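Novice: heads up, no residue letters with this:
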């Protein structure tokens, strides 16, 4: 154990970038603040973090220490050693304003968790507090310029650090987070990064500080964290106030995190409800409250719509299968998405219509059926395009699709419009540029349907290439004969020019198959056609190499 402690300190002292790292922002007092010693018979490790994923694992050897030995004899020696190594470093960039050393020890009685040392450098703490207050005043309270994500990374955590802010002012803290979002709203990509750091900070606070007051938690590498209520642990008034921060984090997760993360947001709301939060109960039933009744509900003689952003569901009941009913529903959906409604949502549909798009591989869901119904009305094509452009988002998927039927929001509207009219070819190209082919393959079926509907022409080749770039490796179209025409072949070459080599190979394979087939065609060709085929073959060969 002592060897592991020495190794941890020695390795970090060899780093030459500590001073430079701390100078990146005034909100960082030092690099390291946590140290975990993990002992099991025959193996000891020391690291900056502890995931706690193997606490229940049994040691392979029966040679175990007794718990009393660890507490009375071993722990004091380890603490003294850490203190000795830490003492000359506390004022350097290596150590944060605080430093906690924890240990977990596999004993004959089970896993023993001990805090070996808790150190606070009061001078560093006061200096950091002053810099935090100055930053908030200059950059958030009075500033109008975008801030740096690195600053939010630290500030979001500092505001929830009980060593820095012993009395959590929930309303004030939420206001600072909202201000970070406000000053960074001009840059969507940067804003997403700021939001992600705020969400991580609140989630960590919830899991490590707030929820352990009322729940025992079990961490696992294979499933979500399990929470078990503690007997008799009921929230006091102060805890109920802190619940607002838990709910704020839940709403941020549901509105801004990818679909795979949203279960955590729902879990936070359910826990808050179980702890007695009436607001959480309302949110689970009616939504987060982010959207007013006029935005989340619509009811008249033609239809009824109701949206819940917590569960990312929109229920639509079409009373009369008329154009205006679908027009109102589309306007309702588009407005919600533009206001930040979760894009990985689903529609539960009540309708007599039973139409689906002529595309192989699409889920036969209520969401699919709604858009197929709307596409039956030519006058709604513009509204469908507006909806699609509001819905399209990389790494988001309709919540009622999974596996091979996964599809990005906007898919049904884009596919339907793309098959109907050449006016929507640019929309198809924009959609394909956002497709995550690693997690959806419905674009394969659409591409085949697109070729069957529109053929291979000078007008369709740019769209076809956009589709094939986004398709999976399983696509193989029987369109090689269409490129015997030199003009079409030139058009294809122009579309492939400048693309990365692997994309060129990917597109060519979908048309001709293996490069050997393309080489055989090139040998038999002459003139301009031969020249073009050889150029394409060279690009494919370069990618293969």
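Specialist: The structure has been received and is ready for your questions. Only a predicted model underlies this, so the values are computations on that prediction, with no experimental measurement involved.

Novice: the helices in the stretch 101-250 of the chain, which residues?
Specialist: 122-135, 149-158, 170-183, 188-205, 237-256 (DSSP state H, counting those that start in this stretch).

Novice: Run through the neighbouring helices and strands of the longest one.
Specialist: Right, the one you point to is helix 237-256. Applying 3 or more C-beta pairs under 8 Å, 6 or more residues apart in numbering; DSSP states H and E, one finds that helix 237-256 contacts helix 170-183, helix 188-205, helix 262-274, helix 278-286. No exception for glycine: its C-beta is placed from N, CA and C like everyone else's.

Novice: Including mean neighbour count and distance to residue 475, could those go into CSV?
Specialist: Output for those, formatted as CSV (neighbours: other C-beta atoms under 10 Å; distance: least, C-beta to C-beta, whole Å):
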stretch, mean neighbour count, distance to residue 475
helix 170-183, 16, 41
helix 188-205, 19, 30
helix 262-274, 20, 31
helix 278-286, 17, 42
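
Novice: What helix or strand is residue 98 located in?
Specialist: strand 95-107 (DSSP states H and E).

Novice: ah, wrong one, I meant residue 84
Specialist: Counting by DSSP H and E, residue 84 is part of helix 75-86.

Novice: tilt between that helix and strand 95-107?
Specialist: For helix 75-86 against strand 95-107, the angle by axes from the mean of the first three to the mean of the last three C-alpha atoms, to 10 degrees is 150 degrees.

Novice: Show me which positions of helix 75-86 end up buried.
Specialist: Neighbour counts over helix 75-86 (16 or more other C-beta atoms under 10 Å) mark 75, 78-79, 81-82, 85-86 as buried.

Novice: same check, this time on stretch 327-347
Specialist: In stretch 327-347, counting by 16+ other C-beta under 10 Å, buried: 327-330, 332-334, 336-337, 341-347.

Novice: ok, the closest residue to residue 311 other than its chain neighbours to residue 308 distance?
Specialist: Nearest residue to residue 311 in three dimensions, chain neighbours excluded: residue 266, at 7.1 Å (C-beta to C-beta, 6 or more residues apart in numbering). Residue 266 sits 11 Å away from residue 308, taking C-beta to C-beta, to the nearest Å as the criterion.

Novice: Please apply the same query to residue 472.
Specialist: The gap separating residue 472 from residue 308 is 33 Å, by C-beta to C-beta.

Novice: which of the two has more neighbours?
Specialist: More crowded of residue 472 and residue 308, by other C-beta atoms under 10 Å: residue 308, with 20 against 14.

Novice: which residues touch the closest residue to that one other than its chain neighbours?
Specialist: The shortest distance from residue 308 to any non-neighbouring residue, by C-beta to C-beta, 6+ apart, is to residue 287 (4.6 Å). Listed by C-beta atoms under 8 Å, 6 or more residues apart in numbering, the contact partners of residue 287 are 296, 307-310.

Novice: hmm, try it at 10 Å
Specialist: With contact taken as C-beta atoms under 10 Å, 6 or more residues apart in numbering, residue 287 is in contact with 251, 254, 293, 295-297, 306-313, 341.

Novice: coming back round to it: show me the buried residues of stretch 327-347 that map onto helices.
Specialist: Mapping these onto helices (DSSP state H) picks out 327-330, 332-334, 336-337.

Novice: picking up where we left off before, so for residue 105, which of the helices of the stretch 101-250 of the chain sits nearest?
Specialist: helix 188-205 (24.9 Å; C-beta to C-beta).

Novice: Now the closest one: average pLDDT?
Specialist: Helix 188-205 carries an average pLDDT of 95.

Novice: if we can go back for a sec, helices - which of the contacts of residue 287 land there?
Specialist: Of the contacts of residue 287, the ones assigned to helices by DSSP H are 251, 254, 293, 295-296.

Novice: now residue 261, nearest residue through space, not along the chain?
Specialist: residue 253 (6.1 Å).

Novice: What's the separation between the one you found and residue 207?
Specialist: For residue 253, the distance to residue 207 equals 13 Å [C-beta to C-beta].

Novice: same deal with residue 182?
Specialist: Taken as C-beta to C-beta, the span from residue 182 to residue 207 is 27 Å.

Novice: can you check residue 325 too?
Specialist: Taken as C-beta to C-beta, the span from residue 325 to residue 207 is 45 Å.

Novice: out of the two, which sits in the more crowded spot?
Specialist: Taking other C-beta under 10 Å, residue 325 and residue 207 do not tie; residue 325 has more neighbours (22 against 17).

Novice: Need the pLDDT of that one.
Specialist: For residue 325, pLDDT reads 98.

Novice: The one 5 residues further on now?
Specialist: Note for residue 330: predicted pLDDT of 98.

Novice: swap in the one 4 residues further on?
Specialist: Residue 334 is assigned a predicted lDDT (pLDDT) of 98.

Novice: is it true that it touches residue 390?
Specialist: Yes: under the criterion of C-beta atoms under 10 Å, residue 334 makes contact with residue 390 at 5.0 Å.

Novice: Pick the one among the buried residues of stretch 327-347 closest to residue 245.
Specialist: Of all these, residue 245 sits closest to residue 342, with 20.6 Å by C-beta to C-beta.

Novice: any idea how far the spatially most central residue of the chain lies from residue 230?
Specialist: By C-alpha atoms, centre = their mean, the chain has its centre lying nearest to residue 258, at 3.5 Å. Distance of residue 258 to residue 230, computed by C-beta to C-beta: 32 Å.

Novice: do residue 98 as well
Specialist: When residue 98 is compared with residue 230 (using C-beta to C-beta), they lie 27 Å apart.

Novice: Please enumerate the helices of the stretch 401-545 of the chain.
Specialist: Taking DSSP H, counting those that start in this stretch as the criterion, the stretch 401-545 of the chain carries its helices at 411-420, 425-432, 442-454, 461-470, 486-496, 501-512, 515-524, 527-544.
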